[in-house]
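Colleague: Based on what follows, work out the 3D shape:
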Amino acid sequence: MTDLVILILVFLATGLGFLAVNLFVGRLARPHRPDAEKGSIYECGEPTIGSSWIQFDLRFYVVALLFVIFDVEMAFFFPWATVFGTANRLADADTPAEARPALLAEVGAPADVPPDEWHRLAQLAFVDILIFFGVLLVGFAYLWKRGDLEWVRSTAGQEPPAQGGK
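Modeller: Residues are numbered from 1 along each chain as shown. Reported below is the predicted structural model:
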């Protein structure tokens, strides 16, 4: 076997060992007093009422998906901020020479890049994030205009259903 396979097997065995030890210690430490109330089914701390096969409002899913989409998009701002901040510090002539090697190592850049290039990189990063944020705002405005962000939609703007014989 190669060294990589051995390392992966050791990693898996260690992970399974930690899991088994924690489950075993938990079984020894926790009390075991089953009763009918603990065995009953509940939903968010409330007892269930009726069948679970009900029509669920689609707006819950829409709001959850919109949150996930915009939350993931916002996560892209953090690496951008790191690159933008480091490029600005490297472009600044007042940055001490002692601090430059650490900043260069942070972004993995060669030491012979002039400050003028870092200034251009910072400008490019700023334009990129403006475009990215603009696309997010357009998407947000579109969803707002469509009414997907409203929890209860108004029926005032909708046309009544057409009558059968007319």
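Colleague: how's this protein carved up into domains?
Modeller: Per automatic domain parsing, the structural domains of the chain span 3-47, 58-146.
Colleague: so which helix or strand takes in the residue nearest the centre of the chain?
Modeller: Taking C-alpha atoms, centre = their mean as the criterion, Val72 is the residue nearest the geometric centre of the chain, at 3.8 Å. According to DSSP states H and E, Val72 maps onto helix 58-75.
Colleague: for the next helix or strand after that helix, packing partners?
Modeller: On the C-terminal side of helix 58-75, the nearest following helix or strand under DSSP H and E is helix 77-91. In terms of contacts (3 or more C-beta pairs under 8 Å, 6 or more residues apart in numbering; DSSP states H and E), helix 77-91 is packed against helix 100-107, helix 115-146. Yep, even glycine has a C-beta here, placed from its N, CA and C like the rest.
Colleague: Output these as CSV; include the columns mean neighbour count and mean pLDDT.
Modeller: Listed next are these as CSV, based on neighbours: other C-beta atoms under 10 Å; pLDDT from 0 to 100:
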stretch, mean neighbour count, mean pLDDT
helix 100-107, 13, 81
helix 115-146, 13, 88
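Colleague: Nearest to Ile54, out of these?
Modeller: helix 115-146 (26.3 Å; C-beta to C-beta).
Colleague: what distance separates that closest one from the middle of the whole chain?
Modeller: Put simply, helix 115-146 sits 19 Å off its chain's centre (C-alpha atoms, centre = their mean, to the nearest Å).
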